[in-house]
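*Asks:* Next come a sequence and a model predicted from it.
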Amino acid sequence: MRKKITKEQLKYLSDDLREIIKDYMKQHDLSVYGFATLTKIQTNQMHLFLTEQRGLNLTTVERIANIIS
C-alpha cells in the first residue's frame, strides 16, 4: 500500500519534483534534451520548469512519475 503525501508536502511539490528530476538526470547521465525526449515533453518546457520559470500540469507530472519510478 502506498503512503499518501501530506497537505504540507503539497506546498513543496514543484521543488521536490525538480530535485528528483535533476537527480534522475545525473544518475542516468541525461541532458535536459535527453530527459525531455524520454518523457515525451518539449525540451523548452522542461528547461523552463527546471529553471523555475514555468510549472507543469498534473498530467505531465504523472507521466514523469510513471517513467522514472
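*Replies:* Cool, got the structure.

*Asks:* secondary structure element for residue 37?
*Replies:* Using DSSP states H and E, residue 37 falls within helix 32-39.

*Asks:* Export only the CA atoms of that helix, formatted as CSV.
*Replies:* Taking C-alpha atoms only, helix 32-39 is exported to CSV below (Å, rounded to 0.1, in the frame of the first residue of the first chain):
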residue,chain,number,x,y,z
VAL,A,32,17.6,18.2,-20.4
TYR,A,33,17.1,17.2,-24.0
GLY,A,34,17.6,13.5,-23.2
PHE,A,35,15.2,13.6,-20.3
ALA,A,36,12.6,15.6,-22.2
THR,A,37,12.8,13.1,-25.1
LEU,A,38,12.5,10.1,-22.6
THR,A,39,9.4,11.7,-21.0
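
*Asks:* what packs against it?
*Replies:* Helices and strands touching helix 32-39, by 3 or more Cβ pairs under 8 Å, 6 or more residues apart in numbering; DSSP states H and E, are helix 13-27, helix 43-50, helix 58-68. Quick note: C-beta positions are derived from backbone N, CA and C, even for glycine.

*Asks:* what does the average pLDDT come to for that helix?
*Replies:* What helix 32-39 shows for mean pLDDT is 97.

*Asks:* Can you tell me how far the closest residue to residue 9 other than its chain neighbours is from residue 44?
*Replies:* In space, and not counting its chain neighbours, residue 9 is closest to residue 16: 7.5 Å by Cβ to Cβ, 6 or more residues apart in numbering. Counting by Cβ to Cβ, to the nearest Å, the gap from residue 16 to residue 44 is 22 Å.
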